[in-house]
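A.B. asks: Sequence and predicted structure are below.
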Amino acid sequence: MNPLKERTLILVKPDGVRRALIGEVIARFERVGLKVVGIKMVNPDRAFIEKHYPSSKEWTVGLGQKSLSDYEQYNLDPVEQVGTKDPYEVGKLVTGWLFDYMSSGPSVAIVFEGNQAVAMGRKIVGNTIPSFAPTGTIRGDFAKDSPILANLRKRGVKNVVHASGSIEEAEFEISHWFTKKELVEYKRADEEAMFA
């Protein structure tokens, strides 16, 4: 595979759209040499969002365990908060809140292409948990939410963007959000200066 053809999916999530951060997100990716090869605004329903995320029990239990750790850190009783301390059951609740959040309004789906698109995408957006995202990343600069606050309010974490986590994940996500006809080929004017 040509490394300059690597692709990643970036979603400006409903909170990012509502906060008018679409242009900011695109600009940060374009400045590092990645190019937009697909873009659209989508108002996904819950069923569409459910297919975007992993559906394995292991993934759900992992979300539950992270939430239980947050409850413990803040000395909160998960049974009192959500009615259970079973990691799988807590994970199902968190997953449901995530699906509700992601289908609560429009998102902007963008396919970026270029050298190390996936790794660069993760670097630009920063850690999933905003408090761990360094200043200078999208989440570090624009997201102030936390998992414990989201759990207490029974909603997904508002962290502005989603970025594919691996090349394989990107391939799946891009095919979920875009048809092949919606992706274009072209050359940026500065490609020769950066990659020749």
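C.D. replies: Here it is on my side, so go on. Keep in mind that what you see is a predicted model, and the values were worked out from it rather than measured. Numbers count the residues shown, from 1 in each chain.

A.B. asks: alpha carbons only for contacts and neighbour counts from here, please
C.D. replies: OK.

A.B. asks: And the pLDDT at the most centrally placed residue in the chain?
C.D. replies: Centroid-nearest residue in the chain, with C-alpha atoms, centre = their mean: residue 162, separated by 1.4 Å. pLDDT recorded at residue 162 is 98.

A.B. asks: Could I get the contacting residues of the nearest residue to it once chain neighbours are set aside?
C.D. replies: Using C-alpha to C-alpha, 6 or more residues apart in numbering and skipping residues adjacent in sequence, the residue nearest residue 162 is residue 11, 4.9 Å away. By C-alpha atoms under 8 Å, 6 or more residues apart in numbering, the contact list for residue 11 reads 107-110, 161-163.

A.B. asks: Assign residue 11 to helix, strand or coil.
C.D. replies: Put simply, residue 11 is strand when judged by DSSP: H, G, I helix; E, B strand; the rest coil.

A.B. asks: what separates it from residue 161, distance-wise?
C.D. replies: Relative to residue 161, residue 11 is positioned 5 Å away (C-alpha to C-alpha, to the nearest Å).

A.B. asks: For residue 16, give me its contacts.
C.D. replies: Residue 16 sits in contact with 22, 107, 159-161, where contact means C-alpha under 8 Å, 6+ apart.

A.B. asks: Apply 10 Å and report the result again.
C.D. replies: 22, 24-25, 106-108, 142-143, 158-161 (C-alpha atoms under 10 Å, 6 or more residues apart in numbering).
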